[in-house]
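Enquirer: Predicted model follows, preceded by the sequence.
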Amino acid sequence: MESNEFIKKLKTFALKSSAIVAFVLLWEAAPHLGLIDPIFIPPPSVVAVKIYQLLLSGELLVHIAASLQRVFLGFIIALVVALPLGFLIGGWFKTFEMAVDPLLQVLGQANPFTLFPVFMALLGIGELSKIGIIYWVCQWPVLFNTVSGIKSVDPVYIKVGRSMGLTKFNLFKKVLLPAALPAIFTGIRMSAVFAFFMLIGAEMIGAHSGLGFLIIQSEAVFNMPKMYAAIVSVALLGIAINYLMLNIEKKAMSWKEDIVV
Amino acid sequence: MAKIESVNVKKTFKIKNKGNQYDELPALGGVDLKIDQGEFMVIVGPSGCGKSTFLDLVSGLTLPDEGTISIDGKSVTGPGLDRAIVFQQNALFPWRTTLKNVEFGLESINSDKDNRREIALDYLSLVGLSGYHNHYPHQLSGGMKQRVSIARALALNPGILLMDEPLAALDAQTREFLQRDILRISKESHKTVLFITHSIDEAVFLGDKVAVMSARPGIIKQVLDIPLTAEQRARDDVVATQEFVQSRQTLWKLLKEEVIKVQEAQIRFQSQSPAQSPARVSGNGLINAVRVLTKI
Amino acid sequence: MEKKIKLLLIAVAILVVALLVRPVFYATESNENYTLKASVNKDCSGTPWFVGVEKGFFKDEGVNFVDVGQIAAPQRNLALTSGQIDVEDVDPQQLVNLLKAGVKVKGVAQSGDEPTDGDINKEHMHWVVLENSSLKTPGDIARQDKIVKIGVISEGICADTQNNALLRKYNVSKSKIEYVVIPDPQQEQALRQGLIDIAILHPPFYFAAEKHGGVRVLASSKDAFKGAGGTTLLVFREDFIKENPETVRKFTKAYKDTEKWVNRNRVEAGILTAKDIGLTEAAVHYYSNTGKINTSQLQYWIDSLVTDGQLKKGEFKPEDLYTDEFKDTW
């Protein structure tokens, strides 16, 4: 029985990775097929070697650490700001919502790249402005998903809570919050991934390290293998973080039967 | 003194119409009803007549526009722990286990964790679900979920149980079993019950008295005494007894008039303005009418 | 299941075969009409293009170009490599970067150069500081208490390479400074906010900053880089040169004629450039008056890169960077 289980797991794993494997194989073959020039899109074998070299020299870890730190801080600040704000807006404070919502809609549309001069003027060119840019990008998915999560809570839950004489606070804590948690988690997960996409933007100015910096820097000196090594590293980190968050979500909401990691 | 007393209760809803103005929808047109302590009162009536609204008012979730509802002589001003509701739709919190769901109401009044757990387990076994306390709602069938809802409502030991068509969403067999359970539990615990249903059979089986509500705006058309004894109800062939058959027939006649009124209103409505549909409906009126009519 | 496995095997087989085949990479185009592809950016780098068209220099040689549109600086090397464009105007460091990456390119003529008449406004870069800065000469950098922050577009291109040379010239240790990567357009703001102490700017940015006032020029590229600060070469891919020698010849001649004209008519060139960019006025670069490739300048670049550790000694000679096949155009 055990070996059957193992074979089954192997088959599932093979199936799940088949698309990725096919993609990597295609990428590797593309230069030989004349589809792309290996000088400016190096094949995975070259990129892998470069990643290995960068890991060995310790250089990659320095950049990863720098970027992770910025992402982590920006992300946490976004949570601290956007979650309470989302509760306030999605909750029962209708006047607050009406006053604040239009402004938020406008700000949420603003492309972070166009806001650069603002970030620079307010926060300078050091770590603060980088964390600031990441925070800015991260807060929107959290905010909007929290608001919509709270608003779409089934009203019958509220009715149950009210009929049992719950205070507004307890109603929020015991009914609204857990009911909205799936949507909130989605927002949190999205913003964690967004944070990685914004690394290039955040590390464009005044950076000495970081994966985004590495991408920009490598391109400027036309070191394509290094650039792609950095790009692939960002992608892999993003995937890892996504999986991590999915696992956390699964544990926190073990009652939900349809989360598949 | 009656346990629950409703005097001339009126409620009107304002519905936004297509022209962005407000239409007035009178739901209750002056409901007078007395329910005694320990009584099982069933309300039947055509769709949209205001039964659920009335239940909301008794629970204190909304307040009447005119008239008063009193419990033990005191006016109802809001929800309270002396009343518990069981809804038709599944209202169990999916993120809590069965046990935790039943404990829910207790958390605000009982700070003793172990005591709460004990009480909750008691009620779970009362509704026949011991052993399922660690299950999550999504793992239970519809009937089981409603049992848990009932346990949750009972856990607070309210004097009054309010039930809004709690069995309507279940299949016929589960429904019959649960009807017997509800009757047994409410009698054993001496609760006063206000029960809403569309099913005449259910009303006769469960109710000490059945109040027929008129079409909208709802008032109590008549209150019927159901002369079945507890022994009779406990029998498997209760539906064949003379008392049952007669009660049902009387109820049917009373109800039929109201259902036809609703039907005619529907047809009038549709010929006037085919695009509009009646607001505040608990289901298509015509379909409900057919449901009632075919439950013979 | 059988069928699926068969399909999978066929797919794998195709991939394996593909991996073993090595076809020619890009189709070479035959060039009847002496046309080539170029990317003209709407800034002062576009001057030779705008003027060349307006003044008919290209027409005179019977050569034509197709403007594929604007391509930002970081992507231009890619464009040249991939064949999106056929020609580019680059400084020796960028040329070395291309060669290091294995791209087969060669310079055919010298485009940009530093002026010989001492006019600082013709130079390649200015080191700009605030009017009230305590830095009066580059040597002052060594005497500051705090680390001096210098804005550069990126690390590993002309700005920091030339600055490294400047520091060496004034005996300032690199530990006294910190490079801060800021794109040119944002450096003025950073300077005025005090986020950096020195901004190293190309035109039009140094013109703009100086025009706005409150700043002064601490040093210039001639000061920093011994007259090689403005060197740029007109660069083609080797295979393009092989397939279209006449096009390259005609184009180079027309381009150089344009640049020589610009050197003599800087005001009018500025007006033409401004018109084509859509501004009211534009800065104009200075170009080599002959097109002859100055090998000692190339050597100076190579030596600086070796000193900075970007190149190994002997890795490149000036001859690796260019071909004199077209010296008849110089």
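Expert: Arrived safely, thanks for sending.

Enquirer: burial of the nearest residue to residue C:213 once chain neighbours are set aside, as a residue count?
Expert: Nearest non-adjacent residue to residue C:213, counting by Cβ to Cβ, 6 or more residues apart in numbering or on different chains: residue C:131, 8.0 Å away. The C-beta positions use only the backbone N, C-alpha and C, and glycine is treated the same way. Neighbourhood size, residue C:131 [other Cβ atoms under 10 Å in any protein chain shown]: 8.

Enquirer: before we move on, what about residue C:164?
Expert: Neighbour number of residue C:164 under other Cβ under 10 Å is 21.

Enquirer: Check residue C:136 too.
Expert: 10.

Enquirer: where exactly do the strands run in chain C?
Expert: Under the criterion DSSP state E, strands of chain C are mapped to C:35-38, C:64-67, C:87-90, C:105-110, C:126-130, C:148-152, C:177-181, C:198-201, C:215-220, C:233-237.

Enquirer: To residue B:163, which of the ones you listed lies closest?
Expert: The closest of the strands of chain C to residue B:163 is strand C:177-181. By Cβ to Cβ, the value is 69.9 Å.

Enquirer: List the buried residues for that closest one?
Expert: Under the neighbour-count criterion of 16 or more other Cβ atoms under 10 Å in any protein chain shown, strand C:177-181 has C:177, C:179, C:180, C:181 buried.

Enquirer: got these as a markdown table, with pLDDT and distance to residue A:115 columns?
Expert: Listed next are the buried residues of strand C:177-181 as a markdown table, based on pLDDT from 0 to 100; distance: Cβ to Cβ, whole Å:
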| residue | pLDDT | distance to residue A:115 |
| --- | --- | --- |
| C:177 | 90 | 29 |
| C:179 | 90 | 24 |
| C:180 | 89 | 19 |
| C:181 | 87 | 18 |
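
Enquirer: tell me which of those residues is nearest to residue B:220?
Expert: residue C:181 (80.8 Å).

Enquirer: from memory that closest one sits against residue C:153, does it?
Expert: Yes - applying Cβ atoms under 8 Å as the test, residue C:181 and residue C:153 come out as touching, 7.3 Å apart.

Enquirer: Just the pLDDT at residue 111, thanks.
Expert: Going with chain A. With respect to pLDDT, residue A:111 has a value of 75.

Enquirer: not what I meant, chain C
Expert: Reported pLDDT for residue C:111: 90.

Enquirer: Which residues are in contact with it?
Expert: Applying Cβ atoms under 8 Å, 6 or more residues apart in numbering or on different chains to residue C:111 gives the contacts C:48, C:89, C:232, C:233, C:234, C:255, C:256, C:259, C:287, C:288, C:291.

Enquirer: at 10 Å what do you get?
Expert: Applying Cβ atoms under 10 Å, 6 or more residues apart in numbering or on different chains, one finds that residue C:111 lies in contact with C:48, C:88-91, C:230-235, C:252, C:255-256, C:259, C:285, C:287-288, C:291, C:293.

Enquirer: Repeat that for residue B:237.
Expert: For residue B:237, the contacting residues are residue B:244, by Cβ under 10 Å, 6+ apart.

Enquirer: got it, and residue A:241?
Expert: Listed by Cβ under 10 Å, 6+ apart, the contact partners of residue A:241 are A:68, A:71, A:72, A:75, A:189, A:192, A:193, A:195, A:196.
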